[in-house]
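Colleague: Could you look at this predicted model? Sequence included:
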Amino acid sequence: MLATALTIAGSDSSGGAGIQADLKTFSALGVFGMSAITAITAQNTLGVSAIRELDEAIIAAQIAAVFEDIPVGAVKIGMLSSAAITRTVAATLRQYQAKSIVVDPVMISKSGSRLLHPEAMTALKEQLFPMADVVTPNLFEAGELVGFSVNTRNDMEEAARALHALGPKHIVVKGGHLEGAACDILFDGHSFVYFENERINTIHTHGTGCTFSSAIAAGLAQKLSIEQAVRQAKYYITGAITHGFSLGHGVGPTHHFFELYQKAGL
Ligand SMILES: Nc1ncnc2c1ncn2[C@@H]1O[C@H](COP(=O)(O)OP(=O)(O)OP(=O)(O)O)[C@@H](O)[C@H]1O
Ligand SMILES: Cc1ncc(CO)c(N)n1
């Protein structure tokens, strides 16, 4: 049977990030994608102009409709916006005993708009982290979550240790915003694995975080180990950024296509 994955995230009208990036990634990696929308953003390559949260009942109903009928191989969680939505998503996933959960703790868009109210941080840590197989903060998100700034590889290791103590089985701290190479680290509570690629010199990185976490979820849905899933995701995002392009007047999107998967040889 085709592997399946569910994304629980916000909609990006410009198609570069959020639910749209997640579904494109699932498809390109050969996984059947499903979605539960938490919030609708009016967004383009220049920024976010409006956000409308959906009410908790319709969010829970979307997740329930999928789980009641269809086997879910993995779940990716992106923009949650509020504490109430965060609690609803956690409770509904708990109800259906969801497995292989990737939490991308989305906080602020590349253009600087808040996608998570600061008071939702506690619900994220207490409700969702203990259920997560992988949490994938960038440097800023890691810093907000642990309460110290994360700027170096040493800081990334320290942050990964502190975040692992909150309950997720694995942490990937993304170094997309580091100086020098694009280096991410995976921590399983015992040891670190580094995934490193040359930094691609481009401004067109809209949706990199969404794409990366969805690619990890796709790998888990395909029964790869966490390390293999992160390796596949790193390969995929590097290709998607390499082929990122200018669209609109601002930060253009990454490009999703099947050949990235074929070349991975997985
Ligand atoms: N310029 C780049 N060249 C190569 N790899 C990159 C580059 N920028 C980001 N990456 C990689 O892309 C993935 C996503 O990391 P990043 O830190 O950009 O996520 P993010 O900040 O959460 O993204 P977003 O702003 O979409 O939420 C990581 O694997 C990171 O190493
Ligand atoms: C809806 C949405 N989710 C996540 C991101 C990532 O920054 C974004 N820009 N928009």
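Modeller: Nice, thanks for sending it over. Ligands and ions are numbered 1, 2, ... in the order given.
Colleague: give the contact list for residue 49.
Modeller: Counting by Cβ atoms under 8 Å, 6 or more residues apart in numbering, residue 49 touches 42, 43. Glycine gets a C-beta too; all of them are placed from N, C-alpha and C.
Colleague: got the buried residues for the helix or strand harbouring residue 121?
Modeller: In this structure, residue 121 sits in helix 121-123 according to DSSP states H and E. Residues of helix 121-123 classed as buried: 121, 123 (neighbour count, 16 or more other Cβ atoms under 10 Å).
Colleague: now what about it, what contacts it?
Modeller: Taking Cβ under 8 Å, 6+ apart as the rule, helix 121-123 contacts 83, 86, 87, 90, 144, 145.
Colleague: Dump those residues to JSON lines, plus pLDDT.
Modeller: Below are the contacts of helix 121-123 laid out as JSON lines (pLDDT from 0 to 100):
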{"residue": "83", "pLDDT": "98"}
{"residue": "86", "pLDDT": "98"}
{"residue": "87", "pLDDT": "98"}
{"residue": "90", "pLDDT": "98"}
{"residue": "144", "pLDDT": "96"}
{"residue": "145", "pLDDT": "97"}
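Colleague: what about stretch 168-183, how long is it end to end?
Modeller: 21 Å (Cα to Cα, to the nearest Å).
Colleague: sorry, back to before: the helix holding residue 121 - what's its average pLDDT?
Modeller: The average pLDDT within helix 121-123 is 96.
Colleague: So that it lines up with my notes, have the first residue be 2 from now on.
Modeller: With 2 as the first residue, the last one maps to helix 122-124.
Colleague: Excluding chain neighbours, give the residue nearest to residue 162 in space.
Modeller: residue 188 (6.9 Å; Cβ to Cβ, 6 or more residues apart in numbering).
Colleague: In contact with the nearest residue in space to residue 167 that is not next to it in sequence: list those residues for me.
Modeller: With Cβ to Cβ, 6+ apart as the criterion, residue 167 has its nearest non-adjacent residue at 4.6 Å, and that residue is residue 130. Contacts here follow Cβ under 8 Å, 6+ apart; on that basis residue 130 touches 104, 136, 164, 167, 168, 169.
Colleague: if I've got this straight, residue 130 is in a helix?
Modeller: Yes - according to DSSP: H, G, I helix; E, B strand; the rest coil, the state of residue 130 is that of a helix.
Colleague: ok, it to residue 140 distance?
Modeller: 18 Å (Cβ to Cβ, to the nearest Å).
Colleague: Residue numbers of this structure in contact with ligand 1?
Modeller: 18, 111, 139, 175-178, 183, 185, 198, 200-201, 206, 208-211, 213, 235, 238-239, 242 (Cβ under 6 Å from any ligand atom).
Colleague: And the pLDDT at residue 73?
Modeller: 98.
Colleague: residues near it, how many?
Modeller: For residue 73, the neighbour count with other Cβ atoms under 10 Å is 20.
Colleague: ditto for residue 66
Modeller: Residues near residue 66, counting by other Cβ under 10 Å, number 12.
Colleague: Using the three-state scheme, assign it.
Modeller: Under three-state DSSP, the three-state class of residue 66 is helix.
Colleague: so how far is ligand 1 from it?
Modeller: 27 Å (Cβ to the nearest ligand atom, to the nearest Å).
Colleague: coming back round to it: distance of the residue nearest to residue 162 from ligand 1?
Modeller: 15 Å.
Colleague: I'm done for today, thanks for sticking with me.
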